[in-house]
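Undergrad: Based on what follows, work out the 3D shape:
(chains A and B)
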Amino acid sequence: ETGVTQTPRHLVMGMTNKKSLKCEQHLGHNAMYWYKQSAKKPLELMFVYSLEERVENNSVPSRFSPECPNSSHLFLHLHTLQPEDSALYLCASNNLAGLFRESGELFFGEGSRLTVL
Amino acid sequence: AQTVTQSQPEMSVQEAETVTLSCTYDTSESNYYLFWYKQPPSRQMILVIRQEAYKQQNATENRFSVNFQKAAKSFSLKISDSQLGDTAMYFCAFEVFNDMRFGAGTRLTVKP
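TA: Purely as a prediction, here's the structure:
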């Protein structure tokens, strides 16, 4: 396995279901991200974890709950979602830029396509 | 706040021809990074090309090159000799202090 792996690739759930998205990175990176990709809209950053601690939460509704048990794994727990939450959820990882502002290119997974009925 | 604008939701180009994708951004920072990412259908997003704002020389990667106009806050991507495999969504992104912002994307179709 190489790169960033996301499971499941497709998920259909009802508004009352509880499900989880999983992301695993094999690149030795120190930061992991969840992005939401909706049609014709910029990618929305949802959560950032650096060294397993959440460093950013961009006003995401509480029905989305992230978990980062270690530096290689990231989960997004889903509960009582709304139809407007249907989107492609992308996981990404990188090494955060250091003191000399080297850029931190993001490495993405293939995404989990979520449909909420 | 940093914003990234891609004004072309969709574009098409004939195979072997050249196409330019536009991107503008807004920032008050002087040192930052710009990226173009490619997302093929049902495949993961990958980096195409990167530009450091402090470098005046435009970045080039094989058939991909950028036209970086710092004063105008413009960062366009030129694809030369377009190939069928270039069909994808292309996202422009801007990064400063580990904060990366993306545009809405341009869907490029290369026609045979």
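
Undergrad: Using PDB, list the CA coordinates for the helix or strand of chain B at the bottom of the mean pLDDT ranking.
TA: Using mean pLDDT, DSSP states H and E, the weakest-scoring helix or strand in chain B turns out to be strand B:99-102, at a mean of 88. Extracted as PDB, the C-alpha positions of strand B:99-102 are listed here (Å, rounded to 0.1, in the frame of the first residue of the first chain):
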ATOM      1  CA  ASP B  99      -3.300  27.400   5.300                       C
ATOM      2  CA  MET B 100      -4.200  26.000   1.900                       C
ATOM      3  CA  ARG B 101      -7.200  27.400   0.000                       C
ATOM      4  CA  PHE B 102      -8.600  26.000  -3.200                       C
END
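
Undergrad: touching chain A at all, it?
TA: Yes - applying Cβ under 8 Å from any Cβ of the partner chain, one finds that strand B:99-102 is in contact with chain A at B:100-102. For every residue, glycine as well, the C-beta is placed using N, CA and C.

Undergrad: Next, the buried residues of that strand.
TA: B:100-102 (16 or more other Cβ atoms under 10 Å in any protein chain shown).

Undergrad: Looking at the residues you listed, which is nearest chain A?
TA: B:F102 (4.0 Å; Cβ to the nearest Cβ).

Undergrad: Contacts only, for that closest one.
TA: A:42-43, B:4, B:37, B:91-93 (Cβ atoms under 8 Å, 6 or more residues apart in numbering or on different chains).

Undergrad: let's go with 10 Å and repeat that
TA: Each residue near B:F102 by Cβ atoms under 10 Å, 6 or more residues apart in numbering or on different chains is listed here: A:35, A:37, A:41-45, A:106, B:4, B:6, B:35, B:37, B:45, B:91-95.

Undergrad: Ok, A:T115 next?
TA: So A:T115 contacts A:10-13, A:81, A:83, A:85-87 (Cβ under 10 Å, 6+ apart).
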